[in-house]
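# pasting the structure only:
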(Lines give C-alpha, C1' and ligand atoms only; values in the text may rest on other atoms or scores of the structure.)
Protein backbone atom coordinates (compact mmCIF):
# COMPACT_ATOMS: atom_id res chain seq x y z
CA UNK A 1 0.00 0.00 0.00
CA UNK A 2 2.74 2.40 0.96
CA UNK A 3 4.83 1.38 -1.99
CA UNK A 4 1.96 2.23 -4.36
CA UNK A 5 1.34 5.62 -2.64
CA UNK A 6 4.98 6.77 -2.73
CA UNK A 7 5.33 7.19 -6.51
CA UNK A 8 2.06 9.08 -6.70
CA UNK A 9 3.18 11.40 -3.92
CA UNK A 10 6.47 12.05 -5.64
CA UNK A 11 4.73 12.80 -8.91
CA UNK A 12 2.25 15.12 -7.18
CA UNK A 13 5.08 16.88 -5.40
CA UNK A 14 6.98 17.27 -8.64
CA UNK A 15 3.93 18.67 -10.40
CA UNK A 16 3.31 21.06 -7.53
CA UNK A 17 6.95 22.21 -7.64
CA UNK A 18 6.74 22.73 -11.39
CA UNK A 19 3.52 24.69 -11.09
CA UNK A 20 4.98 26.82 -8.33
CA UNK A 21 8.19 27.43 -10.27
CA UNK A 22 6.38 28.30 -13.49
CA UNK A 23 4.06 30.72 -11.72
CA UNK A 24 6.93 32.76 -10.23
CA UNK A 25 9.19 35.13 -12.14
CA UNK A 26 11.85 37.58 -10.93
CA UNK A 27 12.59 41.05 -12.28
CA UNK A 28 16.03 42.34 -11.28
CA UNK A 29 17.16 45.95 -11.06
CA UNK A 30 18.62 45.96 -14.59
CA UNK A 31 15.36 44.86 -16.23
CA UNK A 32 11.70 45.65 -16.70
CA UNK A 33 9.05 43.20 -17.84
CA UNK A 34 5.67 42.80 -19.52
CA UNK A 35 3.26 40.05 -18.49
CA UNK A 36 1.30 38.67 -21.46
CA UNK A 37 -1.79 36.44 -21.52
CA UNK A 38 -2.45 34.86 -24.86
CA UNK A 39 -0.32 37.62 -26.42
CA UNK A 40 -2.21 40.47 -24.76
CA UNK A 41 -0.44 42.78 -22.31
CA UNK A 42 -1.71 42.24 -18.81
CA UNK A 43 0.62 44.46 -16.88
CA UNK A 44 3.94 46.32 -17.11
CA UNK A 45 6.47 45.72 -14.34
CA UNK A 46 9.25 48.28 -13.92
CA UNK A 47 10.21 47.68 -10.30
CA UNK A 48 12.54 44.84 -9.29
CA UNK A 49 11.08 42.00 -7.22
CA UNK A 50 9.34 38.60 -7.25
CA UNK A 51 6.06 38.37 -9.16
CA UNK A 52 3.43 35.67 -9.87
CA UNK A 53 1.54 34.61 -12.97
CA UNK A 54 -0.49 31.65 -14.15
CA UNK A 55 1.57 28.47 -14.28
CA UNK A 56 3.45 27.58 -17.42
CA UNK A 57 3.89 29.84 -20.43
CA UNK A 58 0.89 28.42 -22.23
CA UNK A 59 -1.39 31.07 -20.76
CA UNK A 60 0.82 33.76 -19.25
CA UNK A 61 4.28 34.66 -20.54
CA UNK A 62 6.81 37.31 -19.56
CA UNK A 63 9.03 39.44 -21.81
CA UNK A 64 12.04 41.25 -20.37
CA UNK A 65 13.49 44.55 -21.60
CA UNK A 66 16.63 46.44 -20.70
CA UNK A 67 16.34 49.11 -18.11
CA UNK A 68 19.94 50.24 -18.49
CA UNK A 69 21.23 53.07 -20.67
CA UNK A 70 21.73 52.06 -24.32
CA UNK A 71 23.77 53.76 -27.03
CA UNK A 72 23.13 54.35 -30.70
CA UNK A 73 26.04 55.40 -32.96
CA UNK A 74 25.77 57.23 -36.27
CA UNK A 75 29.02 57.16 -38.24
CA UNK A 76 29.80 58.81 -41.57
CA UNK A 77 26.51 60.66 -41.94
CA UNK A 78 26.70 63.34 -44.65
CA UNK A 79 24.92 66.62 -43.92
CA UNK A 80 24.51 69.83 -45.90
CA UNK A 81 24.99 73.22 -44.29
CA UNK A 82 23.08 76.38 -45.05
CA UNK A 83 25.82 77.61 -47.39
CA UNK A 84 25.70 74.34 -49.37
CA UNK A 85 28.81 72.86 -47.85
CA UNK A 86 28.88 69.16 -47.23
CA UNK A 87 30.34 67.66 -44.08
CA UNK A 88 30.66 64.20 -42.58
CA UNK A 89 29.22 64.00 -39.05
CA UNK A 90 29.76 61.28 -36.45
CA UNK A 91 27.32 61.29 -33.53
CA UNK A 92 25.91 59.03 -30.87
CA UNK A 93 22.76 59.04 -28.75
CA UNK A 94 22.20 57.63 -25.28
CA UNK A 95 18.67 56.31 -24.72
CA UNK A 96 16.68 53.90 -22.56
CA UNK A 97 13.32 52.14 -22.78
CA UNK A 98 10.85 54.21 -20.78
CA UNK A 99 7.52 52.68 -21.83
CA UNK A 100 7.68 48.90 -22.40
CA UNK A 101 4.03 48.84 -23.58
CA UNK A 102 4.63 51.41 -26.34
CA UNK A 103 7.93 49.73 -27.15
CA UNK A 104 6.21 46.39 -27.74
CA UNK A 105 3.32 47.91 -29.66
CA UNK A 106 5.52 49.98 -31.97
CA UNK A 107 8.41 47.63 -32.75
CA UNK A 108 7.22 44.35 -31.24
CA UNK A 109 9.83 44.57 -28.51
CA UNK A 110 12.63 44.23 -31.07
CA UNK A 111 15.57 46.39 -29.91
CA UNK A 112 17.36 46.17 -33.26
CA UNK A 113 14.30 47.40 -35.12
CA UNK A 114 13.86 50.21 -32.62
CA UNK A 115 17.51 51.26 -33.07
CA UNK A 116 17.07 51.36 -36.87
CA UNK A 117 13.97 53.53 -36.67
CA UNK A 118 15.62 55.81 -34.13
CA UNK A 119 18.70 56.10 -36.37
CA UNK A 120 16.53 57.13 -39.33
CA UNK A 121 14.73 59.82 -37.36
CA UNK A 122 17.95 61.05 -35.78
CA UNK A 123 19.53 61.34 -39.22
CA UNK A 124 16.58 63.46 -40.36
CA UNK A 125 16.78 65.75 -37.33
CA UNK A 126 20.52 66.24 -37.69
CA UNK A 127 20.12 67.25 -41.31
CA UNK A 128 17.35 69.66 -40.34
CA UNK A 129 19.44 71.39 -37.68
CA UNK A 130 22.63 71.50 -39.76
CA UNK A 131 20.72 72.88 -42.74
CA UNK A 132 19.76 75.93 -40.66
CA UNK A 133 23.35 76.75 -39.67
CA UNK A 134 26.55 77.77 -41.40
CA UNK A 135 29.61 75.59 -41.18
CA UNK A 136 31.39 78.23 -39.07
CA UNK A 137 28.77 77.82 -36.32
CA UNK A 138 29.45 74.07 -36.18
CA UNK A 139 33.00 74.79 -34.98
CA UNK A 140 32.17 77.40 -32.37
CA UNK A 141 30.29 77.50 -29.07
CA UNK A 142 27.07 77.14 -31.10
CA UNK A 143 27.86 73.44 -31.43
CA UNK A 144 26.56 72.69 -27.92
CA UNK A 145 23.33 74.49 -28.74
CA UNK A 146 23.00 72.46 -31.94
CA UNK A 147 23.33 69.20 -29.99
CA UNK A 148 20.65 70.28 -27.52
CA UNK A 149 18.37 71.28 -30.38
CA UNK A 150 18.72 67.89 -32.08
CA UNK A 151 18.09 66.12 -28.77
CA UNK A 152 14.91 68.10 -28.13
CA UNK A 153 13.68 67.46 -31.67
CA UNK A 154 14.26 63.70 -31.52
CA UNK A 155 12.64 63.18 -28.14
CA UNK A 156 8.99 63.23 -29.41
CA UNK A 157 9.93 60.80 -32.18
CA UNK A 158 11.65 58.52 -29.69
CA UNK A 159 8.70 58.69 -27.29
CA UNK A 160 6.46 57.19 -29.97
CA UNK A 161 8.76 54.16 -29.91
CA UNK A 162 8.59 53.92 -26.13
CA UNK A 163 12.19 55.08 -25.61
CA UNK A 164 13.63 58.28 -24.20
CA UNK A 165 16.75 60.04 -25.52
CA UNK A 166 18.86 61.02 -22.53
CA UNK A 167 21.66 62.75 -24.39
CA UNK A 168 23.06 63.31 -27.86
CA UNK A 169 26.65 64.18 -28.76
CA UNK A 170 28.37 65.08 -32.01
CA UNK A 171 31.77 63.44 -31.88
CA UNK A 172 33.32 65.03 -34.95
CA UNK A 173 32.51 67.07 -38.02
CA UNK A 174 34.90 66.84 -40.95
CA UNK A 175 35.01 67.52 -44.63
CA UNK A 176 34.41 64.83 -47.25
CA UNK A 177 37.59 63.51 -48.81
CA UNK A 178 36.81 64.87 -52.28
CA UNK A 179 36.46 68.50 -51.13
CA UNK A 180 38.93 68.52 -48.25
CA UNK A 181 41.91 69.67 -50.35
CA UNK A 182 39.91 72.44 -52.03
CA UNK A 183 38.62 73.69 -48.70
CA UNK A 184 42.10 73.71 -47.18
CA UNK A 185 43.42 75.70 -50.14
CA UNK A 186 40.59 78.20 -49.83
CA UNK A 187 41.20 78.55 -46.10
CA UNK A 188 44.91 79.01 -46.78
CA UNK A 189 44.18 81.73 -49.37
CA UNK A 190 41.89 83.50 -46.90
CA UNK A 191 44.55 83.39 -44.19
CA UNK A 192 47.19 84.67 -46.62
CA UNK A 193 44.93 87.56 -47.58
CA UNK A 194 44.42 88.44 -43.94
CA UNK A 195 48.17 88.22 -43.33
CA UNK A 196 48.88 90.46 -46.33
CA UNK A 197 46.39 93.02 -45.06
CA UNK A 198 47.97 92.94 -41.62
CA UNK A 199 51.44 93.41 -43.11
CA UNK A 200 50.21 96.31 -45.26
CA UNK A 201 48.71 98.00 -42.23
CA UNK A 202 51.94 97.39 -40.32
CA UNK A 203 54.00 98.89 -43.16
CA UNK A 204 51.73 101.91 -43.30
CA UNK A 205 52.00 102.41 -39.57
CA UNK A 206 55.79 101.97 -39.76
CA UNK A 207 56.06 104.67 -42.44
CA UNK A 208 53.88 106.98 -40.41
CA UNK A 209 56.00 106.48 -37.30
CA UNK A 210 59.24 106.97 -39.26
CA UNK A 211 57.91 110.14 -40.88
CA UNK A 212 56.85 111.48 -37.51
CA UNK A 213 60.25 110.61 -36.05
CA UNK A 214 62.07 112.28 -38.98
CA UNK A 215 59.95 115.39 -38.62
CA UNK A 216 60.62 115.51 -34.89
CA UNK A 217 64.36 114.99 -35.48
CA UNK A 218 64.42 117.77 -38.08
CA UNK A 219 62.64 120.15 -35.73
CA UNK A 220 64.96 119.26 -32.85
CA UNK A 221 68.08 119.70 -35.02
CA UNK A 222 66.82 123.03 -36.34
CA UNK A 223 66.11 124.24 -32.83
CA UNK A 224 69.51 123.00 -31.66
CA UNK A 225 71.28 124.78 -34.55
CA UNK A 226 69.29 127.94 -33.81
CA UNK A 227 70.23 127.81 -30.14
CA UNK A 228 73.86 127.05 -31.08
CA UNK A 229 74.00 130.05 -33.43
CA UNK A 230 72.47 132.24 -30.76
CA UNK A 231 75.02 131.04 -28.22
CA UNK A 232 77.86 131.36 -30.76
CA UNK A 233 76.77 134.89 -31.59
CA UNK A 234 76.57 135.75 -27.91
CA UNK A 235 80.06 134.27 -27.42
CA UNK A 236 81.48 136.21 -30.35
CA UNK A 237 79.90 139.39 -29.04
CA UNK A 238 81.37 138.74 -25.59
CA UNK A 239 84.77 137.99 -27.18
CA UNK A 240 84.67 141.19 -29.20
CA UNK A 241 83.63 143.13 -26.11
CA UNK A 242 86.57 141.74 -24.15
CA UNK A 243 88.98 142.48 -27.07
CA UNK A 244 87.64 145.98 -27.38
CA UNK A 245 87.99 146.52 -23.67
CA UNK A 246 91.57 145.19 -23.70
CA UNK A 247 92.42 147.27 -26.77
CA UNK A 248 91.10 150.40 -25.12
CA UNK A 249 93.27 149.82 -22.03
CA UNK A 250 96.62 149.26 -23.88
CA UNK A 251 96.49 149.63 -27.64
CA UNK A 252 100.19 148.95 -28.18
CA UNK A 253 100.22 145.72 -26.22
CA UNK A 254 97.04 144.60 -27.94
CA UNK A 255 98.62 145.25 -31.33
CA UNK A 256 101.73 143.33 -30.24
CA UNK A 257 99.62 140.40 -29.00
CA UNK A 258 97.67 140.20 -32.24
CA UNK A 259 100.92 140.24 -34.22
CA UNK A 260 102.24 137.34 -32.15
CA UNK A 261 99.11 135.39 -32.92
CA UNK A 262 99.59 136.13 -36.61
CA UNK A 263 103.18 134.80 -36.37
CA UNK A 264 101.93 131.62 -34.77
CA UNK A 265 99.35 130.99 -37.49
CA UNK A 266 101.77 131.85 -40.32
CA UNK A 267 104.74 129.81 -39.01
CA UNK A 268 102.86 127.00 -37.29
CA UNK A 269 103.72 124.31 -39.91
CA UNK A 270 107.50 124.80 -39.36
CA UNK A 271 108.53 124.41 -43.01
CA UNK A 272 106.73 127.42 -44.53
CA UNK A 273 108.46 129.96 -46.79
CA UNK A 274 107.15 133.45 -47.39
CA UNK A 275 108.32 136.06 -49.93
CA UNK A 276 107.91 139.42 -48.18
CA UNK A 277 109.54 142.81 -48.26
CA UNK A 278 111.98 143.41 -45.39
CA UNK A 279 110.17 146.59 -44.67
CA UNK A 280 106.82 144.80 -44.44
CA UNK A 281 104.65 145.58 -41.48
CA UNK A 282 104.62 141.85 -40.78
CA UNK A 283 108.25 142.01 -39.51
CA UNK A 284 108.11 145.25 -37.67
CA UNK A 285 108.30 143.58 -34.25
CA UNK A 286 111.52 141.80 -35.35
CA UNK A 287 113.34 145.17 -35.81
CA UNK A 288 114.90 147.51 -33.20
CA UNK A 289 112.75 148.47 -30.33
CA UNK A 290 113.56 152.16 -30.82
CA UNK A 291 112.73 152.36 -34.52
CA UNK A 292 111.13 149.20 -35.84
CA UNK A 293 110.35 150.43 -39.30
CA UNK A 294 113.70 152.23 -39.95
CA UNK A 295 116.05 149.59 -38.63
CA UNK A 296 114.20 146.86 -40.42
CA UNK A 297 115.15 148.54 -43.73
CA UNK A 298 118.82 148.87 -42.67
CA UNK A 299 119.10 145.32 -41.55
CA UNK A 300 117.70 143.91 -44.79
CA UNK A 301 120.30 143.44 -47.59
CA UNK A 302 117.89 144.51 -50.33
CA UNK A 303 114.17 145.08 -50.89
CA UNK A 304 113.68 141.91 -52.81
CA UNK A 305 115.20 139.54 -50.25
CA UNK A 306 113.42 136.37 -49.38
CA UNK A 307 112.53 136.14 -45.70
CA UNK A 308 112.47 132.42 -44.89
CA UNK A 309 110.29 131.45 -42.04
CA UNK A 310 111.18 127.78 -41.99
CA UNK A 311 113.99 128.36 -39.43
CA UNK A 312 111.97 130.65 -37.25
CA UNK A 313 110.59 128.57 -34.39
CA UNK A 314 106.89 128.90 -33.81
CA UNK A 315 105.83 130.45 -30.55
CA UNK A 316 104.54 128.28 -27.82
CA UNK A 317 100.85 127.75 -27.49
CA UNK A 318 100.79 130.20 -24.63
CA UNK A 319 101.26 133.03 -27.06
CA UNK A 320 104.98 134.00 -26.35
CA UNK A 321 106.65 136.00 -29.12
CA UNK A 322 109.26 134.15 -31.26
CA UNK A 323 112.92 135.05 -30.85
CA UNK A 324 114.57 136.93 -33.76
CA UNK A 325 118.29 137.17 -33.12
CA UNK A 326 118.87 139.79 -30.48
CA UNK A 327 115.81 141.78 -31.35
CA UNK A 328 113.08 141.82 -28.73
CA UNK A 329 109.69 143.40 -29.30
CA UNK A 330 109.03 146.39 -27.17
CA UNK A 331 105.84 146.99 -25.40
CA UNK A 332 104.22 150.22 -26.52
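Cool, got the structure. All of these numbers come straight from a predicted model, not from anything done at the bench. Numbering: from 1, shown residues only.

# Can you mark which positions in stretch 64-72 are buried?
Going by neighbour count (16 or more other Cβ atoms under 10 Å), the buried part of stretch 64-72 is 64-65, 67, 70, 72. Quick note: C-beta positions are derived from backbone N, CA and C, even for glycine.

# From the chain's centroid, how far away is that stretch?
Computed by Cα atoms, centre = their mean, to the nearest Å, the chain-centroid distance of stretch 64-72 equals 48 Å.

# what number of residues lie near residue 94?
Counted by other Cβ atoms under 10 Å, the residues lying close to residue 94 total 15.

# Phi first, then psi, for residue 78.
Main-chain torsions, residue 78, degrees, to the nearest 10: phi -90, psi 130.

# Run through the residues that contact it.
86-89, 176 (Cβ atoms under 8 Å, 6 or more residues apart in numbering).

# filter the residues you listed to the buried ones?
The buried subset of the contacts of residue 78 (16+ other Cβ under 10 Å) comprises 87-89.

# between those, which is closest to residue 200?
residue 87 (33.6 Å; Cβ to Cβ).

# give me the number of residues near the closest residue to the closest one other than its chain neighbours?
Distance criterion Cβ to Cβ, 6 or more residues apart in numbering; nearest residue to residue 87, sequence neighbours excluded, is residue 173 at 5.3 Å. Number of residues near residue 173 (other Cβ under 10 Å) recorded here: 18.

# so residue 173 sits in a helix?
No: counting by DSSP: H, G, I helix; E, B strand; the rest coil, residue 173 falls outside a helix, being strand.

# picking that back up, can you put the buried residues of stretch 64-72 in CSV and add distance to residue 17 and pLDDT?
Converted to CSV, the buried residues of stretch 64-72 look like this (distance: Cβ to Cβ, whole Å; pLDDT from 0 to 100):
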residue, distance to residue 17, pLDDT
64, 23, 88
65, 29, 89
67, 30, 88
70, 37, 90
72, 43, 89
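
# rewinding a little: export the buried ones among the contacts of residue 78 to JSON lines and tack on pLDDT and secondary structure?
Below are the buried ones among the contacts of residue 78 laid out as JSON lines (pLDDT from 0 to 100; DSSP: H, G, I helix; E, B strand; the rest coil):
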{"residue": "87", "pLDDT": "81", "secondary structure": "strand"}
{"residue": "88", "pLDDT": "84", "secondary structure": "strand"}
{"residue": "89", "pLDDT": "84", "secondary structure": "strand"}
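
# sorry, back to before: got JSON lines for the buried residues of stretch 64-72, with secondary structure too?
Shown next, in JSON lines, are those (three-state DSSP):
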{"residue": "64", "secondary structure": "strand"}
{"residue": "65", "secondary structure": "strand"}
{"residue": "67", "secondary structure": "coil"}
{"residue": "70", "secondary structure": "strand"}
{"residue": "72", "secondary structure": "strand"}
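
# Tally up the residues packed near residue 31, please.
15.

# Identify the bridge partners of the residue nearest to it when sequence neighbours are not counted.
Nearest non-adjacent residue to residue 31, counting by Cβ to Cβ, 6+ apart: residue 64, 4.9 Å away. Beta-bridge pairing of residue 64 under DSSP bridges involves residue 33.

# residues in contact with residue 64?
27, 31-33.

# Narrow these to those that are buried.
27, 32-33.

# hmm, back to that, from the contacts of residue 64, which single one is nearest residue 81?
For those, the nearest to residue 81 is residue 32 (40.7 Å; Cβ to Cβ).
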